[in-house]
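Engineer: Sequence first, then the predicted structure:
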Amino acid sequence: MIAHFALITATVFIAAFIQGTTGMGFALIVVPILALIQADMIPGALLYLMLPLNAYVALREYKAIDIRGAGWITVGRLAGTFAGLWVLVLLSSYWLNMVVGISTILAVIVSLTVPAFTPGKKAFTLTGLVTGITETATGIGGLH
């Protein structure tokens with residue numbers, strides 16, 4: 001029990017450092033450890049553990065927050081949440097795991113190969129849509 005707590009604590013600190021410096025990675029690092037130790041802790045524990053980091057980053061970067069862009073991302077996320085629920089109904093746990101694995105690999109490839117650009121409302125909305133789908137589908141887990 002203490003070893004599990006220590007492992008989760010270390011993982012959260014490492015994931016927070018990576019997320020804080022790169023802007024991504026917290027869930028990708030924490031979820032596999034939580035899933036191995038106690039899968040029923042997902043998504044609740046993950047969401048709870050992300051709150052202090054997100055609050056800290058928002059306070060640290062408050063002058064750089066793009067309110068308009070965040071609004072468009074939120075619109076996309078709302079639509080994506082319903083699409084993510086549809087994915088949960090459609091896919092079995094096996095196929096959901098396959099889609100998550102393939103999507104993770106594709107996300108890494110795209111993030112390494114996409115050229116720099118200035119996003120507009122279409123890019124913000126699409127980003128929100130994709131994250132809404134993926135985080136809803138992966139955060140809740142398969143229904144079958």
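Structural biologist: Happy to help now that I have it.
Engineer: Mind naming the longest helix for this protein?
Structural biologist: Using DSSP state H to define each element, the chain has its longest helix at helix 67-90.
Engineer: What's the first helix or strand after that helix?
Structural biologist: helix 93-113 (DSSP states H and E).
Engineer: Run through who's touching the helix or strand just after that next one.
Structural biologist: From helix 93-113 onward toward the C-terminus, using DSSP H and E, the following helix or strand is helix 121-140. Residues from elsewhere that reach helix 121-140 (C-beta atoms under 8 Å, 6 or more residues apart in numbering): 27, 31, 42-43, 46-47, 68-69, 72-81, 83-85, 87-88, 91, 96, 99-100, 103, 117, 119. Heads up, the C-betas are built off the backbone N, CA and C, glycines and all.
Engineer: which of the residues you listed are buried?
Structural biologist: The neighbour-count test (16 or more other C-beta atoms under 10 Å) marks 27, 31, 42-43, 46, 69, 72-73, 75-77, 80-81, 83-85, 87-88, 91, 96, 99-100 as buried among these.
Engineer: Where does the prediction get shaky in this protein?
Structural biologist: Along the chain, the model assigns pLDDT under 70 to residues 138-144.
Engineer: tell me how far the longest helix of the chain is from the chain's mean position?
Structural biologist: 12 Å (C-alpha atoms, centre = their mean, to the nearest Å).
Engineer: packing partners for that helix?
Structural biologist: helix 93-113, helix 121-140 (3 or more C-beta pairs under 8 Å, 6 or more residues apart in numbering; DSSP states H and E).
Engineer: Show me which residues of the last one are buried.
Structural biologist: For helix 121-140, burial by neighbour count (16+ other C-beta under 10 Å) applies to 124-125, 127-139.
Engineer: Now flag whichever of these is closest to Leu53.
Structural biologist: Glu135 (15.5 Å; C-beta to C-beta).
Engineer: The chain - how does it break down into domains?
Structural biologist: Annotated domains of the chain cover 1-65, 66-144 [automatic domain parsing].
Engineer: Cheers, nothing more for now.
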